[in-house]
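Undergrad: Make a model of this:
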Amino acid sequence: MTPHSKALALSYFTVLYNILEGAVAIFGASTSGSSALFGFGLDSFIESLSGMVMIWRFWKFAPDEEKEEFERVEHRAERLVAYSFFILGAYIIFDAGSALYWQKAPGPSLIGIGLAIASTIIMPVLFLLKYRLGKSIGSRSLVADSKETLACVLLSVALLLGLGTHYLWGLWWVDSITALVIAYLIVREGIEILKEGASECEQENNSPFD
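TA: Below is the predicted model:
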């Protein structure tokens, strides 16, 4: 399998897994009344946007073709991934802030706990595969997408922590606080991606070899 085919396969898996994860989470939320689990499900659908961007990027253009066109598509895909970070971060801030304001406690849910455990096992592997492949083929957008997958790992841990601490000790606010911290990191990562992309463009435009 070529690196281009691997990138497409990983992107398809990312989208399919996040859609399935979101559907299971929404179902679990409807049966348990857990707002945290419902938010996690919506987050999964938002994260699938990044995978869809990667499918578009690698379906449209292979990394071994003309360098100028490759860079143009790469920059566009990288920006779209960064924007999906902002969408994800904004939603988490709104959801966690609302939960804190209204003091909404996440309800106990075996589906939610099982889903969070599954994601903390699967997503780190997916992150490493995408990150290493992105580095090996020089795709900054795939590296950026891998970091969003890493964000999914952190959110899964937050969900597990929130559901677990509420179930064991009644600490309803833990998952909201953790989610706000993660949202900050996600938004900061999106800003860094845009800055790095702008810096790369500036260096290419100022290259003495052009």
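Undergrad: how much space between residue 23 and residue 111?
TA: The gap separating residue 23 from residue 111 is 11 Å, by CB to CB, to the nearest Å. Heads up, the C-betas are built off the backbone N, CA and C, glycines and all.
Undergrad: I meant residue 123, not that one.
TA: 17 Å.
Undergrad: between these two, which one's more packed in?
TA: Between residue 123 and residue 111, residue 123 has the larger neighbour count (other CB atoms under 10 Å), namely 24 against 16.
Undergrad: Geometrically speaking, which residue is the centre of this structure?
TA: For the chain, the residue nearest the mean C-alpha position is residue 148 (3.0 Å; CA atoms, centre = their mean).
Undergrad: Excluding chain neighbours, give the residue nearest to that one in space.
TA: residue 50 (4.7 Å; CB to CB, 6 or more residues apart in numbering).
Undergrad: burial count for that neighbour?
TA: Around residue 50 there are 30 residues (other CB under 10 Å).
Undergrad: next one: residue 133
TA: 19.
Undergrad: can you pull the pLDDT of it?
TA: The confidence metric pLDDT takes the value 94 at residue 133.
Undergrad: from memory it sits against residue 3, does it?
TA: Yes: in this structure, residue 133 is within contact of residue 3 by CB atoms under 8 Å, at 6.3 Å.
Undergrad: Would you mark the buried spots in the lowest-mean-pLDDT helix or strand in the chain?
TA: Lowest mean confidence among the helices and strands of the chain (mean pLDDT, DSSP states H and E): helix 174-205, at a mean of 78. Within helix 174-205, the residues scored as buried using 16 or more other CB atoms under 10 Å are 174-180, 182-183, 186-187, 189-190, 193-194, 197.
Undergrad: do stretch 159-167 as well
TA: Here stretch 159-167 shows 159-166 as buried, counting by 16+ other CB under 10 Å.
Undergrad: Show me what it is in contact with.
TA: Contact with stretch 159-167 is made by 34, 36-37, 40, 105-106, 108-109, 112-113, 115-117, 120, 171-172, 174-176, 178-179, as judged by CB atoms under 8 Å, 6 or more residues apart in numbering.
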